[in-house]
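Peer 1: What follows is a predicted protein model with its sequence.
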Amino acid sequence: MPDTSNHHRICPLCEACCGLEIKVQNSKVISIRGHDADVFSAGYICPKGVALKDLHDDPDRLRTPLIKRNGVFEAASWEEAYAEIERRLPPLMAAHGRNATAIAVGNPSAHKIGLLTYFGKLARALGTKNVFSASTLDQMPKQLASGLMFGHWLSVALPDITRTDYLLVLGANPLVSNGSMWTVPDFRGKAKALQARGGRLVVIDPRRTETAAVADAHHFIRPNADVFLLAAMVNTLFAEGLVKLGTVAPWVNGVAEVQLAVTGFTPEAVTKRCGLSAETIRTLTRDLASAPRAAVYARIGTCTQEYGTLCSWLVDVLNTLTGNLDAPGGAMFAKSAAFASNTAGKSGIGKGVSTGRHHARVSGAPEVYGELPITCMAEEIETAGDGQVRALFTVATNPVLSSPNGPRLAKALDALDFMVSMDIYINETTRHADVILPGVSPLEDFHYDVAFPQLSWRNHARYSPPVLPAAPGQPEEWQTLLKLAAIVQGKGAAADANTLDDAQFVRDAQRLFGAHADAVIQATQHLKGPQRNLDVALRSGPYGDAFGRKPGGLTLAKVIESNPTGGIDLGELQPRIPEMLRTPSGKVELAPPSLLQDLQRATQDLRGLAPDLVIIGRRDVRTNNSWMHNLPVLAKGPFRCTALIHPLDAARLDLQNGAMAEIQNGPRSVQAQVQISTEMMPGVVSLPHGWGHSLPGAKLHVAAHRPGANLNELLDDQLRDPLSGNAVLGGVAISMRPVAGTQPP
Ligand SMILES: Nc1nc2c(c(=O)[nH]1)N[C@H]1C(S)=C(S)[C@@H](COP(=O)(O)OP(=O)(O)OC[C@H]3O[C@@H](n4cnc5c(=O)[nH]c(N)nc54)[C@H](O)[C@@H]3O)O[C@H]1N2
Ligand SMILES: Nc1nc2c(c(=O)[nH]1)N[C@H]1C(S)=C(S)[C@@H](COP(=O)(O)OP(=O)(O)OC[C@H]3O[C@@H](n4cnc5c(=O)[nH]c(N)nc54)[C@H](O)[C@@H]3O)O[C@H]1N2
Ligand code: SF4
Ligand SMILES: [Mo]
């Protein structure tokens, strides 16, 4: 009889957090499908979920540590790898100081509790100010704007999609991306249900996207011009007497200041800059204001531009001034069962957020949420002087492809004295490392999402146990991080991760629970590492059993028991203002001074001329940033790294469908295959990011077949949103010309 088992596991590959049903026979995955009974995702799945099998089986995925000797990677034991790090890193730190080290963490860590909750321990052990992450290629503007308005970086207002009548989406394509800063599996199904009950979905995007195609209306916008559109919509609300605050009225500061700040942004003043007519802007505003329940949602297209923080802010200004903030069917806040700062401490008031506690050495860019902009990394390595970065840790990140001006970064990485990567591939970034430490396959790891329940369309608590056992001797990633921290702190490579963690847990319990600490330690003694922290977080969280004081409340054991239905449903989003606020005033800050000041920049730019031809990015269902092009089930099918361009632009530039073109931005250029499409707004070209797998030394056999062009090779590492430090990844002026050849590179 074959030994067959059925497992329920949350997909760790994107923010939708779908529940999967995985069949295993004789220790091999034989099928992956959506888990129909999952209380949160109800069977929804995309092709990437199925690709977890290919990821698990991928022969290129690393299973042992590697040490580079004489320029060649050699397999090593964990002891040898840690010994090599201990031999090379502490002397370097002793000679050059803590700021001679840097650490960069990437997107997959947001989906792994071990990486997400233990990464900070290594960063703190290093004691460096050079902490970088993919957040500054992504959502930092949204986090900063939310922090300034509501008091915490993860207090993000989310469309209450199942109850809304009108959803306005800017710069997001959830039909393909499956949502971001908004955990919403099966967006298509939810959008259809919205339309079926008479509601409307409206999309603003320079491309007629997959989401735009199912919407009730789509409007093109010039890239990088959302700030003008949004400010003009706010202006129109005031001009037409449409402002209403609804239930949050007693808790809102700064309405008059906002009104004054947007005076110059009339629809007529912005129409040329953003490419929407004044009438369209007024209609959009009136529709938003008159819908019984409405929400505005904006994502990466509005964050990765020069005015990212202003856009993110104005979205919630619109939600607030139309009476939709914190209202059912409007933009609401999730209440997470564990780890959320807006459920901890005193309710309704807090420290708020601040930035600039330190600055980048070379550019002077301010620290935001403990980080410096990842686009500062190359210059911090290149530039001589006190604090020059000489040693780098990368954790689940591939900035040579994911970050602007990858070639410059690649060169800088070669100049490091020492580099350690925690990663599962030898790719464009980790090929530069001296030591690579692989993580376990997701199927060998347990799963609980730390961040996404704070961003979910519905409240839930879901836990998945490992599907398969890890290979003997393979540490969990949190253990690796603790080992590295111990080496950095001079405790030696022989230090035991579990012992270190136990000691830290006792200290934390004493700090957090005082007289009750012993009881907490006792109650969780069967657990270790992140599971133990999770049990504590759940039990002391808003739905928790308070270690027996609230009988019937959540515990980790209860959440684990609910695995046959994916986890526990905790209901629809509920109004949370003022309880969730953590601003010093205890109010929603509608007019943070730093944002009003930054609006001057947009005012000055209002009369600026938009360039003739600009480039933006694109996502495809079968890709995930830079790292899933090696999985056969996703790599098959039509080539996806094409440059989409409108027929008028193609004719003007003499570009043929399917032929190659050179795309140029100043001294930088790449070649890509042209795909002519009326999906594009004239004057805008779209090329996906995450491609460019032709660099020597990477070991990605499938991806190397069709490497594609690296969009980030074109982009400028010096262009940032000054408030959040976020990179500008779109709306960048380019030129294009035909080149010989018809095959993609
Ligand atoms: N031009 C342009 N650039 C962009 C974007 C864009 O829209 N346009 N989008 C940006 C966005 S939103 C993001 S989030 C960033 C992402 O940028 P990164 O955070 O750098 O993410 P990836 O490039 O996907 O690289 C992920 C890395 O994690 C490794 N990895 C995967 N799974 C694991 C694991 O379980 N353990 C460990 N240790 N490693 C693992 C992979 O091998 C890979 O090296 O890219 C950004 N870059
Ligand atoms: N399949 C797949 N899913 C993914 C990822 C992936 O790589 N592949 N990456 C994941 C990650 S890390 C993230 S952060 C999320 C991102 O999730 P989304 O934000 O939904 O990302 P995109 O699909 O890139 O959608 C961004 C949209 O912005 C538009 N845009 C570009 N510039 C502008 C502009 O100036 N103004 C406006 N209004 N629109 C503009 C683009 O045309 C595009 O349609 O997706 C996640 N999900
Ligand atoms: S949408 Fe796809 S990649 Fe994202 S969580 Fe669901 S199955 Fe995984
Ligand atoms: Mo992202």
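Peer 2: Yep, it's here. Ligands and ions are numbered 1, 2, ... in the order given.
Peer 1: low pLDDT regions in the protein?
Peer 2: Applying pLDDT under 70 to the chain flags the ranges 1, 741-745.
Peer 1: Get me the contact residues on it for ligand 1.
Peer 2: Residues of the chain lying near ligand 1 by CB under 6 Å from any ligand atom: 106-108, 112, 134, 137-138, 300, 304, 396-399, 401-402, 422-425, 427, 439, 617, 625-627, 689-690, 711-712, 715, 729. Where you see a C-beta, it was placed from the backbone N, CA and C, and this is true even at glycine.
Peer 1: quick one: buried residues of the longest strand belonging to the chain?
Peer 2: In the chain, with assignment by DSSP state E, the single longest strand is strand 668-676. Judged by neighbour count (16 or more other CB atoms under 10 Å), strand 668-676 contains these buried residues: 668, 669, 670, 672, 673, 674, 675, 676.
Peer 1: hmm, back to that, out of the residues of the chain next to ligand 1, which touch ligand 2?
Peer 2: Within the residues of the chain next to ligand 1, those near ligand 2 by CB under 6 Å from any ligand atom are 107, 138, 300, 617, 625.
Peer 1: mind listing the strands for the stretch 401-550 of the chain?
Peer 2: Under the criterion DSSP state E, counting those that start in this stretch, strands of the stretch 401-550 of the chain are mapped to 418-422, 435-437, 447-448, 459-461, 463-464.
Peer 1: Quick check: which helices or strands does the fourth one pack against?
Peer 2: Which is strand 459-461. strand 568-571 (3 or more CB pairs under 8 Å, 6 or more residues apart in numbering; DSSP states H and E).
Peer 1: contacts for the strand it packs on?
Peer 2: With contacts defined as CB atoms under 8 Å, 6 or more residues apart in numbering, strand 568-571 is touched by 39-40, 335, 337, 458-462, 543, 554, 558-559, 562.
Peer 1: rerun that using 6 Å as the cut-off
Peer 2: Residues outside strand 568-571 that contact it (CB atoms under 6 Å, 6 or more residues apart in numbering): 39, 459, 460, 461, 559, 562.
Peer 1: Selecting buried members of the residues you listed in PyMOL, what would you type?
Peer 2: Command for PyMOL that selects the buried part of the contacts of strand 568-571, burial taken from 16+ other CB under 10 Å:
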select buried, resi 39+459+460+461+559+562
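Peer 1: Now for the contacts of strand 568-571: which two are most distant?
Peer 2: Farthest apart among the contacts of strand 568-571 by CB to CB are 459 and 562. That separation is 13.9 Å.
Peer 1: Buried residues in the host helix or strand of residue 633, which are they?
Peer 2: Element membership for residue 633, per DSSP states H and E: helix 632-635. Within helix 632-635, the residues that qualify as buried by neighbour count (16+ other CB under 10 Å) are 633, 634, 635.
Peer 1: From the contact counts, what lies against it?
Peer 2: Packing partners of helix 632-635 (3 or more CB pairs under 6 Å, 6 or more residues apart in numbering; DSSP states H and E): none among the helices and strands.
Peer 1: Please state the offset of it from the chain centre?
Peer 2: Offset of helix 632-635 from its chain centre (CA atoms, centre = their mean, to the nearest Å): 23 Å.
Peer 1: Tally up the residues packed near residue 176, please.
Peer 2: Applying other CB atoms under 10 Å, we find 17 residues neighbouring residue 176.
Peer 1: Next, it: phi, psi?
Peer 2: phi -100, psi -50 (degrees, to the nearest 10).
Peer 1: got the contact list for it?
Peer 2: Counting by CB under 6 Å, 6+ apart, residue 176 has contacts 210, 619, 621.
Peer 1: does the last one count as helix, strand or coil?
Peer 2: I take that to be residue 621. Counting by DSSP: H, G, I helix; E, B strand; the rest coil, the backbone at residue 621 sits in coil.
Peer 1: what's it in contact with, if anything?
Peer 2: Here residue 621 is in contact with 46, 176 (CB under 6 Å, 6+ apart).
Peer 1: One more: residue 371?
Peer 2: For residue 371, the contacting residues are 131, 133, by CB under 6 Å, 6+ apart.
Peer 1: Not counting its own residues, what contacts stretch 123-131?
Peer 2: Residues from elsewhere that reach stretch 123-131 (CB under 6 Å, 6+ apart): 98, 99, 101, 102, 103, 358, 371, 380, 389, 485, 488, 489.
Peer 1: For the protein, which residue gets nearest to ligand 2?
Peer 2: In the chain, the residue that lies nearest ligand 2 is residue 301 (2.3 Å; CB to the nearest ligand atom).
Peer 1: With only the CA atoms kept, save the helix or strand that residue falls within in PDB.
Peer 2: Using DSSP H and E, residue 301 sits in helix 300-303. Extracted C-alpha coordinates of helix 300-303, given in PDB (Å, rounded to 0.1, in the frame of the first residue of the first chain):
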ATOM      1  CA  ILE A 300       3.000  49.700  -6.100                       C
ATOM      2  CA  GLY A 301       2.500  51.900  -9.200                       C
ATOM      3  CA  THR A 302       1.800  54.800  -6.800                       C
ATOM      4  CA  CYS A 303       4.500  53.900  -4.300                       C
END
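Peer 1: So is the very next helix or strand once past it next to ligand 2?
Peer 2: Going down the chain from helix 300-303, the next helix or strand is helix 308-321, by DSSP H and E. No. Helix 308-321 is not in contact with ligand 2 by CB under 6 Å from any ligand atom; minimum separation 8.2 Å.
Peer 1: and the helix or strand following helix 308-321, how far from the chain's centre?
Peer 2: Next along the chain after helix 308-321, taking DSSP H and E as the criterion, comes strand 331-332. Chain-centre distance of strand 331-332: 20 Å, with CA atoms, centre = their mean.
Peer 1: elements contacting strand 331-332?
Peer 2: Helices and strands touching strand 331-332, by 3+ CB pairs under 6 Å, 6+ apart: there are none.
Peer 1: please begin residue numbering at 397 from this point
Peer 2: Sounds good: first residue 397 from here, last item strand 727-728.
Peer 1: what's near enough to touch the closest residue to ligand 3 within the stretch 447-596 of the chain?
Peer 2: For the stretch 447-596 of the chain and ligand 3, the shortest gap (CB to the nearest ligand atom) falls at residue 574, measuring 3.8 Å. Counting by CB under 6 Å, 6+ apart, residue 574 touches 410, 412.
Peer 1: go again using 10 Å as the cut-off
Peer 2: Applying CB atoms under 10 Å, 6 or more residues apart in numbering to residue 574 gives the contacts 407, 409-414, 440-442, 444-445, 580-584, 1015, 1017.
Peer 1: Is the host helix or strand of residue 632 positioned near ligand 2?
Peer 2: Secondary structure assigned from DSSP H and E places residue 632 in helix 622-635. Yes. Shown here: helix 622-635 in contact with ligand 2 (CB under 6 Å from any ligand atom) through residue 622.
Peer 1: wait, residue 513 sits on residue 900?
Peer 2: No. Using CB atoms under 10 Å, residue 513 makes no contact with residue 900, being 11.7 Å away.
Peer 1: Comparing those two, which residue is more hemmed in?
Peer 2: Of the pair residue 513 and residue 900, residue 513 is the one with more neighbours under other CB under 10 Å, namely 20 against 14.
Peer 1: ok so that one is a helix residue?
Peer 2: Yes. Using three-state DSSP, the secondary structure at residue 513 is a helix.
Peer 1: how about residue 570, what does it touch?
Peer 2: By CB under 10 Å, 6+ apart, the residues touching residue 570 are 411-412, 557, 576, 578, 580, 582-584, 586-587, 599, 605-607, 693, 695.
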